[in-house]
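Undergrad: here is a sequence with its predicted model. Questions after.
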Amino acid sequence: MTTTPTLQPGSDQRSQAAADDTEGTRGAWLVVMRREIVVRALNKAFLVGLLVSVAIIAALAAFFAWQGSQTDSFTVAVGENDAAATASVTSAASVADAQGGGTELTTLEVADADAARTALADGDADAWLHPADGGDGWVLTGQGDPDGSLTQLVTAGVEQQNLESNAEAAGTSVAELTAGASLTTDQIDGGAVDSQTLFFASFALALLFFIGVIGAGQMIAGSVVEEKQSRLVEIMATAVPLRQLLVGKILGSSVVALAQNVVFAGVGLVALSFTPTSAILPALSASLLWFVLFFAVGFLGLAALYAVAGALASRAEDLQHTTTPMTMAVMGVYFMTFSASGAFETVLSYVPVANVVSMPVRVLSGDTLWWEPIVSLLILLAFTAVAVLVGERAYRGALLQTGGRISWKRALAASA
């Protein structure tokens, strides 16, 4: 006579779940991760967006390279017998050459004022330099308002020419008058990066963060709610533990997001090598390495939260509501980090997830001690661990619930 063991309510389900974990499902997360990577990599919208973004980066770099190679040319009309005006324009051209040679100045001799006005009207001259009425000073006349850079150069040329004339009249020389007035620049930190470069770098890193998180995050949330709405997740849950399903989605999406940012950063570095800012590449490369590391750690936590946002929704139409808090937080990080400076930036470099951008920027500026990025990364690791643990619990509690949007409180209570 055989006896059949009596199972307590729910014990068969727990036994089955335990059997699933021990009989071949422990590696299910790897299957899910591979599926997420393949599906995302073959997604036409993703591929088109990636190619378009790469093309935009390359086009912007090409534009800056072209702009940096351009030379502004100006023609200044002067009187045929006005040696002082001609000498002033020549001095202005010397000043332009000393500033880097990005501007060329030439003179156009005209017979009189009427000829000068005709040259301006016909576009043969950009400006007309002539003495002011009464001989007190000079006037730079244009058909409209003279170009600002041209005005600055001609002003410097006029001052130089008048200084030479006055020095000669006083029986001295310009060298004697300006003795001891030369000024040179120096810096204590030879590797320091100028503020304009730092702003550009912070903007670029903040943009990479924003694009990577928003694009991949929305993809995760959309994938989860699509599987939930089609009831496919109920079938998947019988074969794959929900915890492993979440891990696979997080890791798969993180790999794709990280690879996308590596591609963008690589294209950007190559593109920068053809621009006048190529001198910052060594320092920027080190900063990018820190950014990739911080992004890889931080996105794991954000991916878990985006997966929860998808699980909280019952229909695709609910995503706008459930993902709004995440979107607002990511936008806040984007706007704060690329415009931060001083003590505020220092504080942000230790605040998860803002430190994904702020700490690499501080590394680029040389404003960090060796241990600061490590401490900031450990803080980010702690945030990611908490986000994944809390997100996993809410994900399990919300994924199989339907009938409208689910609150975080209800999701967490259901998984308790």
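TA: It's in.
Undergrad: what is the mean pLDDT for stretch 81-94?
TA: Per-region confidence: stretch 81-94 scores 86 on mean pLDDT.
Undergrad: can you give me the offset of it from its chain's centre?
TA: Stretch 81-94 has its average C-alpha position 45 Å from the chain's average C-alpha position, going by CA atoms, centre = their mean, to the nearest Å.
Undergrad: buried stuff in that stretch?
TA: Residues of stretch 81-94 classed as buried by neighbour count (16 or more other CB atoms under 10 Å): 82, 85-93. C-beta coordinates here come from the backbone N, C-alpha and C atoms, glycine included.
Undergrad: those in helices, which ones?
TA: Cross-referencing the buried residues of stretch 81-94 with the helices (criterion: DSSP state H) gives 85-93 as the overlap.
Undergrad: in the lengthiest helix in the chain, what counts as buried?
TA: Residue-count comparison of every helix in the chain, with assignments taken from DSSP H, identifies helix 195-229 as the longest. Neighbour counts over helix 195-229 (16+ other CB under 10 Å) mark 197-198, 200-206, 208-225, 227-229 as buried.
Undergrad: with distance to residue 107 added, can I get the buried residues of stretch 81-94 in CSV?
TA: Rendered in CSV, the data for the buried residues of stretch 81-94 read as follows (distance: CB to CB, whole Å):
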residue, distance to residue 107
82, 10
85, 8
86, 6
87, 10
88, 10
89, 5
90, 8
91, 12
92, 10
93, 9
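Undergrad: can you tell me which of the residues you listed comes closest to residue 64?
TA: Of all the buried residues of stretch 81-94, residue 64 sits closest to residue 93, with 25.8 Å by CB to CB.
Undergrad: quick one, what contacts the closest one?
TA: Contact criterion CB atoms under 8 Å, 6 or more residues apart in numbering gives 104-106, 153, 157 as the residues in contact with residue 93.
Undergrad: likewise residue 242?
TA: Listed by CB under 8 Å, 6+ apart, the contact partners of residue 242 are 395-396, 399.
Undergrad: now residue 154
TA: With contact taken as CB under 8 Å, 6+ apart, residue 154 is in contact with 76, 88-89, 92, 127, 129, 140.
Undergrad: try it again at 7 Å.
TA: When the contact criterion is CB atoms under 7 Å, 6 or more residues apart in numbering, the partners of residue 154 are 76, 88-89, 92, 129, 140.
Undergrad: just residue 412 next, same as before
TA: Each residue near residue 412 by CB under 7 Å, 6+ apart is listed here: 393-394, 397.
Undergrad: in helices, which of these appear?
TA: Using DSSP H, these in helices are 393-394, 397.
Undergrad: so who does the closest residue to residue 316 other than its chain neighbours touch?
TA: Taking CB to CB, 6 or more residues apart in numbering, and ignoring the residues beside it in sequence, residue 316 has residue 225 as its nearest neighbour in space, at 5.6 Å. Residue 225 sits next to 310, 313, 316, 319 when contact means CB under 7 Å, 6+ apart.
Undergrad: how many neighbours does the third one have?
TA: Other residues within reach of residue 316 by the criterion other CB atoms under 10 Å amount to 14.
Undergrad: buried among the contacts of residue 93? Make that a ChimeraX selection.
TA: Buried residues within the contacts of residue 93, by 16+ other CB under 10 Å, are selected in ChimeraX with:
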select :105,153,157
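Undergrad: out of the contacts of residue 93, which sit inside strands?
TA: Residues from the contacts of residue 93 lying in strands, with DSSP state E as the criterion: 104-106.
Undergrad: quick revisit: may I ask which of the contacts of residue 412 has the most neighbours?
TA: residue 394 (27 neighbours).
Undergrad: residues contacting residue 47?
TA: Not one residue lies near residue 47 by CB under 7 Å, 6+ apart.
Undergrad: did I read that right, it in a helix?
TA: Yes - according to DSSP: H, G, I helix; E, B strand; the rest coil, the state of residue 47 is that of a helix.
Undergrad: please tell me how far it sits from residue 182.
TA: When distances are taken as CB to CB, to the nearest Å, residue 47 and residue 182 turn out to be 58 Å apart.
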